[in-house]
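here's a sequence, model it:
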Amino acid sequence: IVLLILLFVLAGPIRKLGTITFARIERKGSVGLRLKMVLLILLGVQVVAPLAGVEAVLIAFLLGVLTSELMVKFNTIEKQLKTVTFAFLTPFFFFTIGLSVNIFDIASSFLFLVVFTAIGYLAHFAGTYYSVKFLLKKKAFYAGNLFNSKLSIGIITAAIGLEAGILTQNIYVAIIGSIILCTFISSIMTHEKFSLEG
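Sure, this is the predicted structure:
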């Protein structure tokens, strides 16, 4: 709680200090240094989070929200972060998750997998479809399928649940499998690209 309060209290000074520091770095033409600073801060979050008893993902998310204006102002950092994340870090994350899933566990969790996939997909679809059908009308079906693409956040949540001992290995495998299946079905159902205006 103290850490979260500190994050909100220091949000203004962090943005101000970040603006001054990044502007100076930009004047000197050392764009790569800004990315290194952001990565160093994220590494610091990873170290501090266990001491505070909070998941690093939550702190990183809040830090991202609090410094979003700064990132918009210096949009080259955002582009560099996306490149680093998607090209380098994301494959390692999914590889690690893959290592925690045994092929034999999938067979023993098959019933849970089917039930979670059916309930999860239909609940997301219905909730989104009926929420937006008055606004988007023709695109409500598309939106209902689109919101079933929840790969990263679903897997992170399941991994935290397993680590905390809330989920058993069988339930964890079924949840991971259902998240991947829902995302796969979603990508098939939304293969045609629509604009929200069209």
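
which strands and helices sit next to whatever helix or strand residue 24 lives in?
Here residue 24, judged by DSSP states H and E, is contained in helix 11-28. In terms of contacts (3 or more C-beta pairs under 8 Å, 6 or more residues apart in numbering; DSSP states H and E), helix 11-28 is packed against helix 31-52, helix 56-66, helix 68-73. Any C-beta I mention is one placed from the backbone N, CA and C, and that applies to glycine too.

packing partners of the first one?
Contacts defined by 3+ C-beta pairs under 8 Å, 6+ apart place helix 31-52 against helix 2-9, helix 11-28, helix 56-66, helix 75-84.

pLDDT of it, averaged?
For helix 31-52, mean pLDDT rounds to 74.

then the last one?
In this model, helix 68-73 has an average pLDDT of 70.

out of the helices and strands packed on helix 11-28, which is the most enclosed?
Burial of the helices and strands packed on helix 11-28 is given as mean neighbour count (mean count of other C-beta atoms under 10 Å); helix 56-66 ranks first at a mean of 16.

so what's residue 181 up against?
Each residue near residue 181 by C-beta atoms under 8 Å, 6 or more residues apart in numbering is listed here: 113, 117.

let me see the mean pLDDT of the host helix or strand of it.
Secondary structure from DSSP H and E places residue 181 in helix 169-189. On average, the pLDDT along helix 169-189 is 87.

chain center to stretch 53-66: distance?
How far stretch 53-66 lies from its chain's middle: 11 Å, per C-alpha atoms, centre = their mean, to the nearest Å.

ok, residues contacting that stretch?
So stretch 53-66 is in contact with 3-4, 7-8, 11, 14-15, 41-42, 45-46, 48-50, 52, 71, 156, 160, going by C-beta under 8 Å, 6+ apart.

and if you look at stretch 145-153?
With C-beta under 8 Å, 6+ apart, stretch 145-153 has contacts from 120-121, 124-125, 127-128, 179-180, 182-183, 185-187, 189-190.

what does stretch 120-134 give?
139-141, 143-148, 150, 178-179, 182, 185-186.

could you redo the last one with a cut-off of 10 Å?
The contact list for stretch 120-134 (C-beta atoms under 10 Å, 6 or more residues apart in numbering) reads 136, 139-150, 154, 175, 178-179, 181-183, 185-186, 189, 196.

only the buried subset of those residues, as a ChimeraX command please.
With 16 or more other C-beta atoms under 10 Å as the criterion, this ChimeraX line picks the buried residues out of those:
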select :136,139,140,141,142,143,144,145,146,147,148,149,154,175,178,179,181,182,183,185,186,189
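
count of neighbours near residue 177?
Neighbour count of residue 177, defined by other C-beta atoms under 10 Å: 20.

report how many residues lie close to the closest residue to it other than its chain neighbours.
Nearest residue to residue 177, sequence neighbours excluded (C-beta to C-beta, 6 or more residues apart in numbering): residue 113, at 4.5 Å. Using other C-beta under 10 Å, residue 113 is surrounded by 21 other residues.
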